[in-house]
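> Output the structure for:
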Amino acid sequence: MVCLPSVFATDVKTTSRIQTKHLSDDIWSPGPATMKTLTFLVALVIIVAISFACFFALREYRRYRRIAKTLPDPQLIQQTAPSEIDARRDQLADDLLKERAALPEAEADATREALWTAMLLEAAADGSIDDRELAFVADLFGRMTGIALEAEPVSEAAQRISKDRKAALVTISQARNTSVASKEQILAGAFLVSVADHTLAEREADCLGDIADALAVTPRERETILEGITKRLGI
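Numbers count the residues shown, from 1 in each chain. Have a look, this model is predicted:
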């Protein structure tokens, strides 16, 4: 066994303490001024984030109010007899089917696909899929295509679409280059679905706005179309 001289051992300990001190000196420790700056920056980031959130929330609220002004008053719908709503809805659906014959033939496929998707998206907009809404979708689309539809496959399609709203809106956007008349058919079909359960929820109104945006309808065109649909419904 080899014993180190005591002097050498002492030098080793001293060197170790010096290295430890240098290492601790290398670790950055912010001073009071730096801490104030960091605190200010963090607070600024939080304020900016909150401001952006408030801005987008206000923009969405104003958008909803603009859309809601063009639609029937939800309270008025609730005060109207369900049988009267159904009669007016069915009459407007009959008119839409007659007007469909005048649409450009080149737009038929894109309009039909967008209408189907828009109606199902609207049916699921309020978080639940009502049987009356599904029955209306099956009836209207069946009369439009001549294909009898059962409620179950329509319900399954609505559930699939509700799980991926972004993909549904992309599908609807395929009709963005169609005529205003075709876009009116799509929005009218979606609107009639929204009142099939004799109510008009806020999220259903929002969904109509999303569908209009997907169709690249300008705010003025959207208001004109929805006001026209509301007037024709007569509520």
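> Residue 115 touches residue 189, doesn't it?
Yes: judged on CB atoms under 8 Å, residue 115 makes contact with residue 189 at a distance of 4.9 Å. C-beta coordinates here come from the backbone N, C-alpha and C atoms, glycine included.
> I'd like the next helix or strand past whichever helix or strand residue 39 is part of.
Here residue 39 sits within helix 32-70, counting by DSSP states H and E. Where DSSP H and E defines the elements, the next helix or strand beyond helix 32-70 is helix 74-79.
> can you pull the contacts of residue 82?
Neighbour list for residue 82: residue 198 [criterion: CB atoms under 8 Å, 6 or more residues apart in numbering].
> pLDDT wise, what is it at?
What the model reports for residue 82 is a pLDDT of 90.
> how near is it to residue 88?
In this view, residue 82 and residue 88 are 11 Å apart by CB to CB, to the nearest Å.
> So for the helix holding residue 39, mean pLDDT?
What helix 32-70 shows for mean pLDDT is 67.
> now stretch 115-132
88.
> Need the distance between the two termini of that stretch.
Using CA to CA, to the nearest Å, the end-to-end distance of stretch 115-132 comes to 18 Å.
> Repeat that for stretch 73-90.
Length of stretch 73-90, first residue to last, CA to CA: 19 Å.
> Now do the buried residues in that stretch.
74, 77, 80, 85, 88-89 (16 or more other CB atoms under 10 Å).
> do stretch 204-220 as well
Across stretch 204-220, burial judged by 16+ other CB under 10 Å covers 204-215, 217.
> In PDB, list the C-alpha atoms belonging to that stretch.
Provided in PDB are the C-alpha atoms of stretch 204-220 (Å, rounded to 0.1, in the frame of the first residue of the first chain):
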ATOM      1  CA  GLU A 204     -76.600  25.700 -34.900                       C
ATOM      2  CA  ALA A 205     -76.500  29.400 -35.900                       C
ATOM      3  CA  ASP A 206     -72.700  29.300 -35.600                       C
ATOM      4  CA  CYS A 207     -72.600  26.100 -37.800                       C
ATOM      5  CA  LEU A 208     -74.500  28.000 -40.500                       C
ATOM      6  CA  GLY A 209     -71.800  30.600 -40.400                       C
ATOM      7  CA  ASP A 210     -69.100  28.000 -40.700                       C
ATOM      8  CA  ILE A 211     -70.900  26.400 -43.700                       C
ATOM      9  CA  ALA A 212     -71.200  29.900 -45.400                       C
ATOM     10  CA  ASP A 213     -67.500  30.500 -44.800                       C
ATOM     11  CA  ALA A 214     -66.600  27.100 -46.300                       C
ATOM     12  CA  LEU A 215     -68.600  28.100 -49.400                       C
ATOM     13  CA  ALA A 216     -66.700  31.400 -49.600                       C
ATOM     14  CA  VAL A 217     -69.900  33.300 -49.200                       C
ATOM     15  CA  THR A 218     -69.200  37.000 -48.500                       C
ATOM     16  CA  PRO A 219     -70.800  38.400 -45.300                       C
ATOM     17  CA  ARG A 220     -73.200  40.500 -47.400                       C
END
